[in-house]
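A.B. asks: Got a sequence here, can you build the structure:
(chains A, B, C and D)
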Protein chains: 2
Amino acid sequence: MEVFWSRGFAATSTDDLLQAMNIGRQSLYNAFGDKRTLYLEALSAYQLKTTSGHLRRLSEPTSALEGIRALLRGLIAEDDRVRCLGCMGVGSVGEFGTTDALLMEQRAKVSAALGTRITERIREGQAGGEIDNGLDAEEASAFVQVTMTGLQLAARAGGGLEELRAIASFATDRLRAV
Amino acid sequence: MEVFWSRGFAATSTDDLLQAMNIGRQSLYNAFGDKRTLYLEALSAYQLKTTSGHLRRLSEPTSALEGIRALLRGLIAEDDRVRCLGCMGVGSVGEFGTTDALLMEQRAKVSAALGTRITERIREGQAGGEIDNGLDAEEASAFVQVTMTGLQLAARAGGGLEELRAIASFATDRLRAV
DNA sequence: CCTTTTTTTGACTAAACAGTCCATAACTAA
DNA sequence: TTAGTTATGGACTGTTTAGTCAAAAAAAGG
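C.D. replies: Residues are numbered from 1 along each chain as shown, chains lettered A, B, ... in the order given. This is a model prediction of the structure:
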């Protein structure tokens, strides 16, 4: 997962994977079938791990708006070496775009689940008067997700911790009721 | 440029390039040196072309906020086949991250130039009372740039024209003075 | 204990890869 | 016309690639 995450699919050789996992070639092919299947499994594992973190932060029991802030700020890893890897899901979009149907399907599921929860949380904030009632909750949710990917790409480009977290907070505050 | 744009660096073979350009192998190596140099030139050409468009739309003589809206909405190509390619610059960030010093330098230049102009335009909007005076103009500019990359990645993921333009407008409106 | 199944090892294959070489063709300029 | 330069075509090289094969080693089961 880490090798694919940092280098992407095409630039990762099977030898890279063998070395990283410290196993023999046949073991890899027995266990995963082929390179692409292993990539899909690695991406699945990545998404499972990260999505649960996103949902947890989003639901932090402070308030709806603070949940969104925690979601966005939480994307940005503190450790430089982790932060500059960005997000493997974002990487897979960049590398494959719309060319892989299975990947698109997998992506759509994760994105929809998160989107639904963000929408809920925004409605909650609107009900509580904390988030601007004039906003369409679904549009705001899509906006939050676009901000997520924008931040993750900026992290991969080498953006600094404080700089990126400030942008995350800035975006969050744009949703606030006046 | 189009081949690298759609497939990225690693997944593009020199044969792909020869076929696309309809030239012989030696001609490519005479003209460009090697694959990486050609990629850098292609990316440069791409950035030159797109950045001038961004600046033009940003400076559209309607108003500052409408300039930002035009910038963000203008990122999203109408033609499905173009839109789903996303942005080659974003692709290069995804593929190389912080691993290529030359690429980072080139990126920083383009981003700084655009960022400066966005900041100016935001200050203009603030002076005119159209954009919220409480915002830090540089932070708002960084936010706009993160939104740009987020939109371009969403485009590469297969996002629809109207959906993405709506998000662009949503983000723009978040800067509006109350 | 022995047999059967699973896992690992390392050698192997065929194709794809980036980049080179050299002879030839096409221009340029006097 | 001709000498000199530049561009092209096509064969070639050595390496890397994803994936396979078969024999040996290890584990599991009775």
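A.B. asks: May I ask which helix or strand encompasses residue A:36?
C.D. replies: helix A:35-58 (DSSP states H and E).
A.B. asks: now check that helix, is it near chain B?
C.D. replies: No: contact of helix A:35-58 with chain B (CB under 8 Å from any CB of the partner chain) is absent, the minimum separation being 12.7 Å. Glycine gets a C-beta too; all of them are placed from N, C-alpha and C.
A.B. asks: Contacts for that helix next, please.
C.D. replies: A:1, A:4-5, A:9, A:14, A:17, A:28, A:32, A:67-68, A:70-71, A:74-75, A:87-89, A:92, A:102-103, A:106, A:110, A:113-114, A:117-118, A:121 (CB atoms under 8 Å, 6 or more residues apart in numbering or on different chains).
A.B. asks: which of the residues you listed are buried?
C.D. replies: Buried subset of these (neighbour count, 16 or more other CB atoms under 10 Å in any protein chain shown): A:1, A:4-5, A:9, A:17, A:28, A:32, A:67-68, A:70-71, A:74-75, A:87-89, A:92, A:103, A:106, A:110, A:114, A:117-118, A:121.
A.B. asks: coming back round to it: near chain B, from the contacts of helix A:35-58?
C.D. replies: Near chain B, judged by CB under 8 Å from any CB, there are no entries from those.
A.B. asks: Most distant residue from the centre of chain A?
C.D. replies: Relative to the mean C-alpha coordinate of chain A, counting by CA atoms, centre = their mean, the farthest residue is residue A:26 (32.2 Å).
A.B. asks: Residue numbers of chain A in contact with DNA strand D?
C.D. replies: Residues of chain A that fall close to DNA strand D, judged by CB under 7 Å from any atom of the strand: A:12, A:13, A:14, A:15, A:25, A:26, A:29, A:34, A:35, A:36.
A.B. asks: what about the most centrally placed residue in chain A, distance to residue B:96?
C.D. replies: Closest to where the C-alpha atoms of chain A average out (CA atoms, centre = their mean) is residue A:87, at 5.5 Å. The spacing between residue A:87 and residue B:96, counted by CB to CB, to the nearest Å, is 15 Å.
A.B. asks: what does residue A:175 give?
C.D. replies: Distance, residue A:175 to residue B:96, using CB to CB: 33 Å.
A.B. asks: Now do stretch A:138-150: everything it contacts.
C.D. replies: A:68, A:71-72, A:75, A:87, A:90, A:93, A:111, A:114-115, A:118-119, A:122, A:131, A:168, A:171, A:175, B:146-151, B:153-154, B:163, B:166-167, B:170-171, B:174.
A.B. asks: Any idea how far that stretch is from the middle of the chain?
C.D. replies: Its chain's C-alpha centre and that of stretch A:138-150 lie 12 Å apart, by CA atoms, centre = their mean, to the nearest Å.
A.B. asks: Likewise for stretch A:154-163?
C.D. replies: On CA atoms, centre = their mean, the centre of stretch A:154-163 falls 15 Å from that of its chain.
A.B. asks: Quick check: end-to-end length of it?
C.D. replies: In stretch A:154-163, first residue to last residue: 10 Å (CA to CA, to the nearest Å).
A.B. asks: buried residues in it?
C.D. replies: For stretch A:154-163, the neighbour count (16+ other CB under 10 Å) marks A:154, A:155, A:156, A:157, A:158, A:159 as buried.
A.B. asks: What's the local residue count around the residue lying closest to the third one once chain neighbours are set aside?
C.D. replies: So that's residue A:156. Setting aside the residues directly before and after it, residue A:156 is nearest to residue A:86 in space (CB to CB, 6 or more residues apart in numbering or on different chains), at 2.9 Å. Using other CB atoms under 10 Å in any protein chain shown, residue A:86 has 28 other residues around it.
A.B. asks: Can you give me every residue that contacts residue A:86?
C.D. replies: A:152, A:153, A:155, A:156, B:94, B:97.
A.B. asks: Which helix or strand contains it?
C.D. replies: Under the criterion DSSP H and E, no helix or strand holds residue A:86.
A.B. asks: how far away is it from residue B:170?
C.D. replies: 24 Å.
A.B. asks: Also residue A:67?
C.D. replies: For residue A:67, the distance to residue B:170 - CB to CB - is 19 Å.
A.B. asks: about what we covered before: quick one: distance of whatever helix or strand comes next after the helix holding residue A:36 to the chain centre.
C.D. replies: As assigned by DSSP H and E, the chain's next helix or strand after helix A:35-58 is helix A:64-74. When distances are taken as CA atoms, centre = their mean, helix A:64-74 is centred 14 Å away from the chain's centroid.
A.B. asks: hmm, back to that, closest to DNA strand C out of the contacts of residue A:86?
C.D. replies: Closest approach between the contacts of residue A:86 and DNA strand C, by CB to the nearest atom of the strand: residue B:94, at 18.3 Å.
A.B. asks: list the contacts for the closest one?
C.D. replies: Residue B:94 makes contact with A:8, A:86, A:90, A:91, A:93, A:94, A:95, A:153, A:156, B:8, according to CB under 8 Å, 6+ apart.
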